[in-house]
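Colleague: Please work out how this folds:
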Amino acid sequence: MQCNVISRYFRLTALEVILGGKYMQAKADTYNPYPVFLLLVIFFLVLTMTGCKQKGGPPQSDPEVAVVTIHPERVVITAELSGRTSAFLVAEIRPQVNGLIQKRLFTEGSEVKAGQVLYQIDPAPFQAALDNANASLARAEAGLLSIRLRAERYRDLLADKAISQQDYDDASAAMKQVEAEIQFWKASVEIARINLGYTHVTAPISGRIGKSSVTDGALVTAYQPMALATIQQLDPIYVDVPQSTTELLRLQRRLNDGRLNHDGTNQDRVKLIMEDGTPYLSEGTLQFQDITVDPTTGSVILRVVFPNPEGILLPGMFVRAVITEGVNEQAILVPQQGISRNPKGDPAALIVDAEDKVQQRMLTLDQAIGDKWLVSSGLNPGDRVIVEGVQKVRPGVSVKVVAFEAGQKDGPAAEKAVQPSSNTK
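Modeller: Residues are numbered from 1 along each chain as shown. As a prediction, this is how the structure comes out:
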């Protein structure tokens, strides 16, 4: 711009000199310096124009953009769902008889075995009840012999018409009554023995026992609402994962459309990510999928079983389960930085055509896989998607294409084109 101003100034000066020289020539017939001055002005004008041309930069080149070339890949599609752990078995310990706790026989938080005695209830009243039932049974059995012999004699005498039918019927009924009484007392003895055994409160399952809600000397009642303690089996352990019905329908639709298949995948194997983001060492097994939808959340429960020999997983922990859904043999993946959205929120990408001109493509995205988007429609194999330099271009302009190299932080954009995996078909 400065050169243009200087050039314009010298042109005006030259014009003024020419007009002024003609005027001076008309007035004087003596010495005229006009030709010499005119030559000097023309010399400086040419010099100025030449300098301006030399200072001007070269014509601007096409903007440079980095692209990735789309190639179909074989991708294992997974879903990461949040869930919580729960014990494999849970047993709440409650007394089955009334009584006084004499002693607690376990350490809180320790591992207990099935059948181990946990509490001792005072057995004295139950032992007395058992002794009483045994005595009553013995008395009933002692009276049975004489009544049975009497009934047999009456039967013989009745054949000889020595006694009446009524006498025989009374003796026979008395014998049956004593036999029934014996059965009653046998049952009473068994009940008393069972109640006496209930004074030893034992563990129904093996596992880790929590804190005790009672201490020695506490009075407890049979089947009380408050549990004395709780035992939980933690190896193995459950992970309950809710999955929305929207995700279920989406998965079924992709399977029906042929975009996913189950060949070569073990869908029953599930990986786990802990609360702090570290992966759990052992894989779990998908046990079942619930068939009832929770109306409050619109989801169904997936139950996964994980080995827990070290006791790392505790009931109630928040975890994330990575569940395999299937395999997409012709997946199209695009770096997330190459996807933009229009004012309506629809995803779009800029591509470079065969003439190195920019075009815009509207896309349909499926899901994010790492730092890339899985594209359902809008891109074809071989398309070159602009990943860096999007701000410098617009549809229709010509560009200079460079490869986009992964991990390069400085310099113009560059990430290597995505190469098809060895399993690509």
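Colleague: Going by C-alpha atoms from here, please, whenever you check contacts or count neighbours.
Modeller: OK.
Colleague: mind listing the strands for the stretch 1-150 of the chain?
Modeller: 64-69, 73-93, 99-104, 111-112, 117-121 (DSSP state E, counting those that start in this stretch).
Colleague: so what's residue 317 up against?
Modeller: Residues near residue 317 by Cα atoms under 8 Å, 6 or more residues apart in numbering: 84-85, 275.
Colleague: per-residue pLDDT, the nearest residue to residue 359 once chain neighbours are set aside?
Modeller: Of all residues not flanking residue 359 in the chain, residue 395 sits nearest, at 4.8 Å (Cα to Cα, 6 or more residues apart in numbering). Looking at residue 395, its pLDDT reads 89.
Colleague: what secondary structure does residue 395 sit in?
Modeller: Judged by DSSP: H, G, I helix; E, B strand; the rest coil, the three-state class of residue 395 is coil.
Colleague: what about it, distance to residue 63?
Modeller: The gap separating residue 395 from residue 63 is 13 Å, by Cα to Cα, to the nearest Å.
Colleague: got it, and residue 316?
Modeller: Going from residue 316 to residue 63 by Cα to Cα gives 56 Å.
Colleague: ok, now residue 393?
Modeller: In terms of Cα to Cα, residue 393 sits 7 Å off from residue 63.
Colleague: So what's the residue count around residue 214?
Modeller: 16 (other Cα atoms under 10 Å).
Colleague: ok, now residue 73?
Modeller: For residue 73, using other Cα under 10 Å, the count is 20.
Colleague: Quickly list what it is bridged to.
Modeller: residue 331 (DSSP bridges).
Colleague: Look at it and report its pLDDT.
Modeller: pLDDT, read off for residue 73, is 87.
Colleague: all helices of the stretch 1-150 of the chain, in order?
Modeller: All helices of the stretch 1-150 of the chain, identified by DSSP state H, counting those that start in this stretch, fall at 2-27, 34-55, 124-159.
Colleague: what's the least confident stretch among those?
Modeller: helix 2-27 has the lowest average pLDDT among those, namely a mean of 49.
Colleague: Leaving out the residues flanking it, which one is nearest to residue 96?
Modeller: residue 222 is the one closest to residue 96 (Cα to Cα, 6+ apart), at 4.3 Å.
Colleague: picking up where we left off before, more crowded one of residue 393 and residue 63?
Modeller: residue 393 (19 against 13).
Colleague: I figured the more buried one hits residue 350, correct?
Modeller: No - with contacts defined as Cα atoms under 8 Å, residue 393 does not count as touching residue 350, sitting 9.1 Å away.
Colleague: Name the residues contacting each of the two.
Modeller: residue 358.
Colleague: Just confirm the residue nearest to residue 96 is within a helix.
Modeller: No - counting by three-state DSSP, residue 222 is not part of a helix but coil.
Colleague: what's the burial count for it?
Modeller: By other Cα under 10 Å, neighbour count at residue 222 equals 12.
Colleague: Next: residue 337.
Modeller: 14.
Colleague: cool, and residue 321?
Modeller: 25.
Colleague: what do you get for residue 137?
Modeller: 20.
Colleague: Just give the nearest non-adjacent residue to it, would you?
Modeller: residue 185 (4.9 Å).
Colleague: Quick check: which helices or strands does the helix or strand encompassing that neighbour pack against?
Modeller: In this structure, residue 185 sits in helix 165-198 according to DSSP states H and E. Judged by 3 or more Cα pairs under 8 Å, 6 or more residues apart in numbering; DSSP states H and E, the packing partners of helix 165-198 are helix 124-159.
Colleague: can you list the weak-confidence ranges in this protein?
Modeller: Residue ranges of the chain with pLDDT under 70: 1-60, 257-267, 406-425.
Colleague: All the strands of the stretch 201-350 of the chain, residue numbers only.
Modeller: 207-209, 219-220, 229-244, 269-273, 284-289, 299-306, 318-335, 340-341, 347-352.
Colleague: Counting neighbours, what do you get for the residue nearest to residue 167 when sequence neighbours are not counted?
Modeller: Nearest residue to residue 167 in three dimensions, chain neighbours excluded: residue 154, at 7.5 Å (Cα to Cα, 6+ apart). Residue 154: 21 surrounding residues under other Cα under 10 Å.
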